[in-house]
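In: sequence unknown, structure follows:
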């Protein structure tokens, strides 16, 4: 019964949606202080390569590899962030764009380590690893009536789902905390925020490093889900794609990038005939959105509207929980 | 050997300078980084290929067609991607940047569909003609590129410095509102600036096609990124800085191919700007901005 429901391809797509959601949030976090970073694809590459190389050459467990990848990306984020965050918005965008390009060139040219533009294959696969460990405990997917293959994709999806929920939960909490309020104040007016006693450099670097950490983390996950990476995966187009998730969905609330990543990853898969024109449509979407709705599809007003709708319906049926009223 | 490399570097650098001028004009007047400039440049190169190689028409017609079409593209860019954002309340200063990124994605993929992803050779009839001076070989193509670039830069400098329209443009760049109070039709100036910048990109496209004998849809991106690096290097919105920055980058790239590791050629531009931004954020020729 369960076996018929699970199509590995659907779960593969779902896993990419989840990874893209994490990437979208990584840009959203940096943008929430009013800084546009286009280096997230580069940080993603750093995370992916670090984790892949560590697990291949040093037989590190995948979990440690992913953590190491995220940390190295965050460290680089701080190193790049401290000097560049003194710059104004447009300069920062260009420097981060250039940084991503430098990383790509290094990946291509450091052939002894990264195998150049061929890319690295044979990266330990999370799903297979989970299956191996569970089999060590005497577990067999057949108990659930699943093929090994189906179980692998199901486990990846569940793992990523839990991780993504955790990430969303954390950043929603952060948004309502002191840090989140500081980010919002800096976005609205840096000078005013500074005069209120907010250490803007600290918070800007923090946001930048969080973005780097998150994209490095997503990159490491990407490497272990796909088991193959190449420099082209982390080039300018990836950076723009991540940016579009945020621009399309909305950069004001965390649900924006989540919706953007979900919709824009799913759309080319569902509408196969579109995928050839996908990037042209992306381009048009950006131009039209910037002219018509620069804050993206989802903003605070829409969220409030959805909430009030939900509340009304709750009242009508008398099942609304008292907390939300 | 050294002198030949110097010539190669200057040829490359003068092309870079023209690309960067397109960026710097738009930034100077509008304060916007036009991310689509590289793709407009690439379209100019493709128009050149179409006219000279596919239609077998003379080169000057290629230039004319490229200028016309890229100028029209510049107008469309201004009309549909930039103008709707101007004077709109609550638009973040990043909106025009993102909007032009949208245009660049659209154009790059459009050219994939129109021209194919492959490499198109650019055949100039005089590609093989060269001169021997002592042990040095100079190709006629290099001279043509250099001369066209210099003419272009000189006429731009003259136009900006001496003509009424050029003065109006500089006034608009200085302060849009004051210029408009003083009777400058700023709307027209802005449109004109984007059109001129785009047409220069189209010319640069043909020059690059001649220099490297190849045109691909990806060339816009790499050239666009380098153009951005150059205007940071020379100082944002600074015309002389863009020219000098272009030459510096062209020479640096040529020499790293000869004396260093050619694979890192594309990274120099960005390493240079990261260093520049740390030491002298206003660029080599920029004025210190007091904040």
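Out: Cool, got the structure. Treat the numbers as computed from the prediction; the structure is a model and nothing was measured.
In: Any regions of the chain where pLDDT drops low?
Out: Reading this off chain A. Low-confidence segments of chain A, defined by pLDDT under 70: A:1-4, A:87-89, A:312-325.
In: Hmm, no, I was thinking of chain B.
Out: Filtered on pLDDT under 70, chain B yields the residue ranges B:89-91, B:124-127, B:281, B:286-291.
In: which stretches of it form strands?
Out: For chain B, the strands defined by DSSP state E cover B:130-133, B:136-139.
In: what lines up beside the first one in the sheet?
Out: Pairing partners of strand B:130-133, with direction, according to DSSP bridges: strand B:136-139 (antiparallel).
In: Give me whichever of the strands of chain B is most buried.
Out: With neighbours defined as mean count of other C-beta atoms under 10 Å in any protein chain shown, the strands of chain B peak in mean count at strand B:136-139, which reaches a mean of 16. C-beta: built from backbone N, CA, C; applies to glycine.
In: Now residue A:218: closest residue in space that isn't a chain neighbour?
Out: Counting by C-beta to C-beta, 6 or more residues apart in numbering or on different chains, residue A:218 lies nearest to residue A:22, which is 4.2 Å off, once chain neighbours are set aside.
In: What residues does that neighbour make contact with?
Out: A:163, A:164, A:167, A:214, A:215, A:217, A:218, A:221 (C-beta atoms under 8 Å, 6 or more residues apart in numbering or on different chains).
In: How about residue B:263?
Out: Under the contact definition (C-beta under 8 Å, 6+ apart), the residues listed for residue B:263 are A:105, A:108, A:109.
In: mind listing what's buried in the longest helix along chain B?
Out: The helix spanning the most residues in chain B, taking DSSP state H as the definition, is helix B:2-30. For helix B:2-30, the buried set under the neighbour-count rule, 16 or more other C-beta atoms under 10 Å in any protein chain shown, comprises B:7-30.
In: Check stretch B:109-123 too.
Out: Neighbour counts over stretch B:109-123 (16+ other C-beta under 10 Å) mark B:109, B:110, B:111, B:112, B:115, B:120, B:122 as buried.
In: same deal with stretch B:134-150?
Out: Residues of stretch B:134-150 classed as buried: B:138, B:139, B:141, B:142, B:143, B:144, B:145, B:146, B:148, B:149 (neighbour count, 16+ other C-beta under 10 Å).
In: Now do that stretch: distance to the chain's middle.
Out: Relative to the centre of its chain, stretch B:134-150 is centred 20 Å away, using C-alpha atoms, centre = their mean, to the nearest Å.
In: likewise stretch A:166-181?
Out: Computed by C-alpha atoms, centre = their mean, the chain-centroid distance of stretch A:166-181 equals 16 Å.
In: residues in contact with that stretch?
Out: The set of residues that contact stretch A:166-181 without belonging to it, under C-beta under 8 Å, 6+ apart, is A:21, A:22, A:25, A:29, A:32, A:183, A:203, A:206, A:214, A:254, A:258.
In: What residues does the last one make contact with?
Out: Think residue A:258. Each residue near residue A:258 by C-beta under 8 Å, 6+ apart is listed here: A:21, A:24, A:25, A:168, A:249.
In: and if we set it to 7 Å?
Out: Neighbouring residues of residue A:258 by C-beta atoms under 7 Å, 6 or more residues apart in numbering or on different chains: A:21, A:24, A:168, A:249.
In: and the two most separated of the residues you listed?
Out: Looking at the contacts of residue A:258 by C-beta to C-beta, the two members farthest from one another are A:168 and A:249, with 13.1 Å of separation.
In: So which of those two has more stuff around it?
Out: A count of neighbours by other C-beta atoms under 10 Å in any protein chain shown puts residue A:249 above the other of residue A:168 and residue A:249, at 27 against 17.
In: returning to that earlier point: give me the subset of the contacts of residue A:22 that lies in helices.
Out: Taking DSSP H, the ones among the contacts of residue A:22 that sit in helices are A:163, A:164, A:167, A:214, A:215, A:217, A:218, A:221.
In: Tell me the most packed of these, by neighbour count.
Out: Counting neighbours by other C-beta under 10 Å, residue A:215 leads those with 38 neighbours.
In: Please name the residues that touch whichever residue of the stretch 151-291 of chain B sits closest to chain A.
Out: Of the stretch 151-291 of chain B, the residue with the smallest distance to chain A, taken as C-beta to the nearest C-beta, is residue B:270 at 3.3 Å. Contacts were defined as C-beta under 7 Å, 6+ apart; by that measure residue B:270 touches A:98, A:99, A:101, A:102, B:229.
In: Check the secondary structure at the closest residue to it other than its chain neighbours for me.
Out: In space, residue B:270 comes closest to residue A:98 once its chain neighbours are excluded; the distance is 3.3 Å by C-beta to C-beta, 6+ apart. Residue A:98 carries the three-state label helix when classified by DSSP: H, G, I helix; E, B strand; the rest coil.
In: So what's the residue count around residue A:98?
Out: For residue A:98, the count of nearby residues is 27 (other C-beta under 10 Å).
In: next one: the one 3 residues further on
Out: Other residues within reach of residue A:101, judged by other C-beta under 10 Å, total 26.
In: and it, how far is that from chain B?
Out: 6 Å (C-beta to the nearest C-beta, to the nearest Å).
In: and that residue, what element?
Out: When secondary structure is defined by DSSP states H and E, residue A:101 falls within helix A:89-109.
In: Let me know the angle separating that helix from helix B:2-30.
Out: Interaxial angle of helix A:89-109 relative to helix B:2-30 (axes from the mean of the first three to the mean of the last three C-alpha atoms, to 10 degrees): 150 degrees.
In: List the buried residues for the helix or strand following helix A:89-109?
Out: For helix A:89-109, the succeeding helix or strand toward the C-terminus, using DSSP H and E, is helix A:111-114. Neighbour-count burial for helix A:111-114 flags residue A:114 (criterion: 16+ other C-beta under 10 Å).
In: Moving C-terminal from helix A:111-114, which element do we reach first?
Out: Once helix A:111-114 ends, the next helix or strand along the chain (criterion: DSSP H and E) is strand A:120-121.
In: What strands line up against that following strand, and which way round?
Out: Partners of strand A:120-121 in its sheet, by DSSP bridges: strand A:228-229 (antiparallel).
In: continuing past the partner strand, what's the next helix or strand?
Out: Scanning the chain past strand A:228-229 towards its C-terminal end, the next helix or strand to appear is helix A:236-249 (assignment: DSSP H and E).
In: buried residues in that next one?
Out: Under the neighbour-count criterion of 16+ other C-beta under 10 Å, helix A:236-249 has A:236-249 buried.
In: Make a markdown table from those residues and add distance to residue B:188 to it.
Out: As requested, these are arranged in a markdown table below (distance: C-beta to C-beta, whole Å):
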| residue | distance to residue B:188 |
| --- | --- |
| A:236 | 34 |
| A:237 | 36 |
| A:238 | 39 |
| A:239 | 35 |
| A:240 | 32 |
| A:241 | 37 |
| A:242 | 38 |
| A:243 | 32 |
| A:244 | 33 |
| A:245 | 38 |
| A:246 | 35 |
| A:247 | 30 |
| A:248 | 34 |
| A:249 | 37 |
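In: which parts of the stretch 1-150 of chain B sit against chain A?
Out: Where proximity means C-beta under 7 Å from any C-beta of the partner chain, the interface of the stretch 1-150 of chain B facing chain A comprises B:33, B:80-81, B:84-85, B:91-95, B:97-99, B:101-103, B:105-106, B:109-110.
In: Out of the buried residues of helix A:236-249, which are close to chain B?
Out: Filtering the buried residues of helix A:236-249 for proximity to chain B by C-beta under 7 Å from any C-beta leaves A:236, A:240, A:247.
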